[in-house]
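> what's the 3D shape of this:
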Amino acid sequence: MIEHIIPALSYLLTLENLIFMNIGMFAGIIFGAIPGINGNLAITILLPFTFALRPVPALLMLTSIFFGANFGGSISAILINTPGTANAAATLIDGYPLSKRGFPRKGLDMALAASTFGGFISAFCLLFFAPQIGKIALKIRAPEYFALALLGLSIIASVSGKSIIKGLISGTIGMVIAVVGIDPNSGILRFVFNVPNLFGGIKMMVVMLGVYAVSQMIGWVNNSDENSGSLVLRKTGEEDRLTMKDIKATFWTMVKSSFIGAFIGAMPGAGGNIAAFVSYNEAKRCAKPGEKFGEGELKGIAAPESANNGATAATMIPLLTLGIPGDAVSATLLGAFTIQGLVVGPRLFDESGPVIYAIMLGIVVSQIFIFIQGKYLMALFVKIIRVPQNLLVALLMMICCTGAFAMANMTFDMYVMILSGIVGYFMKKIDLPPIPIVLGIILGPIAESNLRNSLVLSGGSWLIFFKRPICLAFILITVLLIVLLKRNEAKQRRTMEVFVEKQAGESEITN
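Predicted coordinates for the structure are as follows:
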């Protein structure tokens, strides 16, 4: 490693590289903030512009788009209750309530700080531990992925609001949506009702746009939705700023969540959305009395944003060390590496060491740029809530339809989005939480396919999940987290009851 660092710095520290990193970062933030236009689409669109560039500036621009889009997704999640990317789905649980309370700038500042922190942790993990983590990731097989999906599905208990039963119903709806289309194992058509457009399945982001954005806009138009209301900035000045006290209060949450994100991100096929929900669940489990998750708690923003950005650079670990893309974005980056003449895999560091280390050092530097750009663009982002509501609804509907159509150039996806929005609106009326639907859609296919593959490997024996150490560890963690979460919720309930009784007693004495 040391022999590659000095030549890598000479590759990296050029004006050209710094310019292209900032261009990529800016484009990523804008694309990520637009619902439905995610980082992978942004990289795909801008990939042809890198063909004439040398490998270092080209790949730094593309990776910067990835990091920028990951932060950009939190902007729309916090301001308009619509995640710009799937990784920001957990951020809106506390981000939007904080914005509704009149603290949109504080929410965005928290997301930016957490994103930068998680990005640094992820970048340093990539720089220093890539070969070692890559070897561990190679041991992760179907049983471990099933156990990880099981851990993710257990989070439904913590995001179900007041009723776990309603959360399970929503989660089941999500898993049913996820199995629509051709069964990847047997090739059998499932729940398609002879509609050819359903053969390829229902896209997760289309449903998310409907359940979050469209249902929200229906509520605004009706003016009868209790969650609707005037999107007017109510707090100004220092009141709506992130303070050093807030940073100290969320610091250890960011540390823990960043490492959770880096670990999960390094597992091929996992990704930032799972990391975000797992970290949110862990932050909620460790909540102190008085911390109200789901009502605008800063730790509820810090945890998922640290985690999903902690997973960004880490997703490149299996790509660079094993030649295995960790998610859709790293699969696109695999094509970019190939175009630039770099063959990813075990021999990459030996054959192209200075270039690869220049890119990895550039990923560290890019985290500084995301903080600078986010800080200076923040005032512009916050102004979105000053837009008149009728105009905002029209613009958002147009953007959402564009995003849904752009995923596969199908008008059918727009119809699915609108139908999902109508269903999502009535779900709110009967207090069915939308987050478990997203969890079901994300984790359902992972759990199903890896359960099948695991049972094939074991000849139908379920003991395979208890014979593999990493798999067993995931299962034990799942059980432990559920027990600790319920115990913590009971403790908080008792604390609140004591507080209410004390207040009532003091009120009687005063009277």
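> rest of the way, CA atoms for contacts and neighbours
Noted.
> low pLDDT regions in the stretch 201-350 of the chain?
Along the stretch 201-350 of the chain, segments meeting pLDDT under 70 span 223-238, 268-271, 322-328, 346.
> and the helices in it?
Taking DSSP state H, counting those that start in this stretch to define them, one finds helices in the stretch 201-350 of the chain at 204-208, 215-222, 244-265, 272-285, 299-310, 316-322, 328-339, 348-351.
> just the CA trace of the first one, in PDB.
In PDB, the C-alpha atoms belonging to helix 204-208 read as follows (Å, rounded to 0.1, in the frame of the first residue of the first chain):
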ATOM      1  CA  MET A 204     -39.800  -0.700  -5.700                       C
ATOM      2  CA  MET A 205     -39.200   3.000  -6.500                       C
ATOM      3  CA  VAL A 206     -42.500   3.300  -8.400                       C
ATOM      4  CA  VAL A 207     -44.400   2.000  -5.300                       C
ATOM      5  CA  MET A 208     -42.400   4.300  -3.000                       C
END
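> tell me the helices and strands packed up against the helix or strand hosting Val176.
If you go by DSSP states H and E, Val176 is part of helix 164-178. Packing contacts for helix 164-178, counted by 3 or more Cα pairs under 8 Å, 6 or more residues apart in numbering; DSSP states H and E, involve helix 435-458.
> quick check: what element follows the helix it packs on along the chain?
Sequence order places helix 464-467 as the next helix or strand after helix 435-458, per DSSP H and E.
> so which bits of that next one are buried?
Ile464, Phe465 (16 or more other Cα atoms under 10 Å).
> related to what we said a few turns ago, what's the closest of the helices of the stretch 201-350 of the chain to Gly72?
helix 299-310 (10.7 Å; Cα to Cα).
> can I get the closest one in CSV, CA atoms only?
Extracted in CSV, the C-alpha atoms of helix 299-310 (Å, rounded to 0.1, in the frame of the first residue of the first chain):
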residue,chain,number,x,y,z
LYS,A,299,-30.9,10.6,16.0
GLY,A,300,-33.6,9.3,13.7
ILE,A,301,-31.9,11.3,10.9
ALA,A,302,-28.3,10.8,12.0
ALA,A,303,-28.6,7.0,12.1
PRO,A,304,-29.9,6.2,8.6
GLU,A,305,-27.9,8.9,6.9
SER,A,306,-24.6,7.8,8.6
ALA,A,307,-25.5,4.2,7.6
ASN,A,308,-26.5,4.6,4.0
ASN,A,309,-23.4,6.8,3.4
GLY,A,310,-21.3,4.5,5.4
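> could you give the angle of that helix to helix 244-265?
In terms of direction (axes from the mean of the first three to the mean of the last three Cα atoms, to 10 degrees), helix 299-310 departs from helix 244-265 by 40 degrees.
> tell me which element Met417 is part of?
Met417 belongs to helix 411-429, assigned by DSSP H and E.
> correct me if wrong: Trp462 contacts Leu455.
Yes. Counting by Cα atoms under 8 Å, Trp462 touches Leu455, with 6.8 Å between them.
> those two: which is more packed in?
Comparing Trp462 with Leu455 by other Cα atoms under 10 Å, the one with more neighbours is Leu455, at 17 against 13.
> gap between the more buried one and Ser449?
10 Å (Cα to Cα, to the nearest Å).
> now for the helix holding Met417, which elements pack on it?
helix 204-208, helix 215-222, helix 389-406.
> measure how buried the residue nearest to Thr338 when sequence neighbours are not counted is and give me the count.
Distances taken as Cα to Cα, 6 or more residues apart in numbering place Val344 nearest to Thr338, at 7.8 Å, with adjacent residues excluded. Neighbour count for Val344, taken as other Cα under 10 Å: 22.
> what's the closest of the helices of the stretch 201-350 of the chain to Ser122?
Closest approach to Ser122 among these is made by helix 299-310 (4.6 Å; Cα to Cα).
> report the buried residues of that closest one.
Using 16+ other Cα under 10 Å as the test for burial, helix 299-310 gives Lys299, Gly300, Ile301, Ala302, Ala303, Pro304, Glu305, Ser306, Ala307, Asn308, Asn309, Gly310.
> report all helices and strands that it contacts.
Short answer (3+ Cα pairs under 8 Å, 6+ apart): helix 299-310 packs on helix 55-80, helix 92-100, helix 104-137, helix 244-265, helix 272-285.
> buried stuff in the longest one?
Right, the one you point to is helix 104-137. Neighbour-count burial for helix 104-137, counted by 16+ other Cα under 10 Å, picks out 104-127, 130-131, 133-134, 137.
> and the angle from that helix to helix 55-80?
130 degrees.
> begin at 148 from here
All set: I'll call the first residue 148, so the last point we hit is now helix 251-284.
> counting by contacts, list what helix 251-284 packs against.
helix 202-227, helix 239-247, helix 391-412, helix 446-457, helix 463-469, helix 500-529.
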